[in-house]
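Q: this one's structure only:
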């Protein structure tokens, strides 16, 4: 069975629609900016903040805005259909609701605004949540129950998250530089993105086929990446096998690339072990910041735009090789046929996930 | 899918395959530490774990006695976990660290993700298989059976599934291990195992 993925909606620090985002990415714009007093000791951290959100509850506003955009683009019928399922990827959801249920507003907003008929499926698996959510959507389409699965990836900025990464000394005091020699760490961001995963091509807008995906644990450390890239290596191998795609067929890798020393080094080791050194690669964290549970979904949307336009965008912040294994991180946009792409993600808990997409010609 | 074994733990005791393990009921608030000494297992990492990871570790320590996981390749066992409250207990402690105790605690922050416990179980067993953590409103046996079948259809040979909850009123962990052969585990059977 062929599985199709189409654009749902996208709201990031760079723009409020998929098209607006991609136009700014083509120009090399970054949504990361200095946010005054954002640190625990009032440091001014660079963050990927959506400036148009003024509400006290950033998460609920972001989710609600995404719903508006989804209805505007697709109508309500798709969401009210009995054969439509929604899968949400979020690490912390409405964290400020504590001590009440942090995921209650997710269910309420989606049910109220989209008129859903089925139970909402929520994945909270650190930074690989978005890729796992797309893989899970495909699992559901292999049953008779659903025709379309709406995958939403979302996380909002919060003191909780910024202070936490600050306490781990994982934040960069300048815009992040994934894979670069001078990289200093992560810039946290916020975003909401949506793709629609379907058994049939949903409409006449651009679509890709999902060829396969998988996950694998490092079995090594709960917050540090494996020194051998074991989990990522295994996940990519499994995904290649399931997709029936050869390594030489991959035109582009949308890597995780957080900008921390250990993560980016680990990824380079895994790609080197797989012999993927020459494949054009980027990290999109320089455009949006690291948006945690949203990352996998918004990076798939951006990658689909690149496939649609046969261009691979540069990895913002990358100037000089900064990993022990050489990989082909792009310093400039590259126009080339981009038919088959590999998307990867890695995160706390030792999780790694990947998937492969192919352009529908 | 065939049920190999199940284990449910709470302060009401350890129920291995629905049978109460003698002397495991406790009235102590610190019942998890008490239970750790009773397992006879030495695993110093236990003391660093948060409530969710401790619950999963303890329950697995008992379940492990009823499993023969050595026969599986290290890629073949998938982990399927869910709860309702995410990492609430640790989230609140971590917030307390920066709101009341002077500075954000990195050791608490790393546990403010529910899936950390799947990492702990993977490290303990050297399992490199697939992992996922869902947030569900309540234990839904139908959901588990569906997800387990997804894993089997993708090649997993065994699935360790679990419901691990730590909130203001309740601490419990229900684990069960299934293999991809034999009689179908039914929704009713799974519901009863969870209620034990």
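A: Thanks, I have it. If you're wondering where the values come from, they're calculated on a predicted model, not measured in any experiment.
Q: need the contact list for residue 183.
A: As the question left the chain open, I've gone with chain A. Residue A:183 is in contact with A:172, A:176-177, A:259-261, A:264, A:317, A:322, counting by CB atoms under 8 Å, 6 or more residues apart in numbering or on different chains. For every residue, glycine as well, the C-beta is placed using N, CA and C.
Q: wait, chain B
A: With CB under 8 Å, 6+ apart, residue B:183 has these contacts: residue B:2.
Q: sorry, back to before: now the contacts of residue A:183 in CSV, with neighbour count and distance to chain B?
A: Listed next are the contacts of residue A:183 as CSV, based on neighbours: other CB atoms under 10 Å in any protein chain shown; distance: CB to the nearest CB, whole Å:
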residue, neighbour count, distance to chain B
A:172, 23, 17
A:176, 29, 19
A:177, 26, 23
A:259, 28, 18
A:260, 24, 14
A:261, 15, 16
A:264, 27, 19
A:317, 25, 25
A:322, 19, 24
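Q: Format the residues you listed as a markdown table; extra columns: secondary structure and distance to residue A:346.
A: Below are these laid out as a markdown table (DSSP: H, G, I helix; E, B strand; the rest coil; distance: CB to CB, whole Å):
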| residue | secondary structure | distance to residue A:346 |
| --- | --- | --- |
| A:172 | coil | 18 |
| A:176 | coil | 16 |
| A:177 | coil | 18 |
| A:259 | coil | 13 |
| A:260 | coil | 11 |
| A:261 | helix | 14 |
| A:264 | helix | 10 |
| A:317 | coil | 18 |
| A:322 | coil | 17 |
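Q: Widest-spaced pair of the residues you listed?
A: Farthest-apart pair in the contacts of residue A:183 is A:261 and A:317; separation 14.1 Å (CB to CB).
Q: Next one: the spatially most central residue of chain B from chain A, what distance?
A: Closest to where the C-alpha atoms of chain B average out (CA atoms, centre = their mean) is residue B:56, at 3.3 Å. As for residue B:56, its distance to chain A is 12 Å (criterion: CB to the nearest CB, to the nearest Å).
Q: Excluding sequence neighbours, find me the nearest residue to that residue.
A: Distances taken as CB to CB, 6 or more residues apart in numbering or on different chains place residue B:117 nearest to residue B:56, at 4.3 Å, with adjacent residues excluded.
Q: What lies in contact with the helix or strand harbouring that neighbour?
A: Following DSSP states H and E, one finds residue B:117 within helix B:116-125. Contacts to helix B:116-125, defined as CB under 8 Å, 6+ apart, come from residues A:125-126, A:217-222, A:348-351, B:43, B:45, B:49-50, B:52-53, B:55-57, B:60, B:69, B:77, B:79, B:81, B:87, B:110, B:127-129, B:131-133, B:160, B:164.
Q: so who does residue 150 touch?
A: Reading this off chain A. The neighbourhood of residue A:150, defined by CB under 8 Å, 6+ apart, consists of A:8, A:70, A:78-79, A:84-87, A:194, A:196-197.
Q: please go with chain B instead
A: By CB under 8 Å, 6+ apart, the contact set of residue B:150 is A:136, A:139, A:142.
Q: between those residues, which is closest to chain B?
A: Of all these, chain B sits closest to residue A:139, with 4.0 Å by CB to the nearest CB.
Q: Buried residues of stretch B:63-83, list them for me.
A: Across stretch B:63-83, burial judged by 16 or more other CB atoms under 10 Å in any protein chain shown covers B:63-64, B:67, B:69, B:72, B:74-83.
Q: ditto for stretch A:195-208
A: Quick answer for stretch A:195-208 (16+ other CB under 10 Å): A:195-199, A:202, A:206-208.
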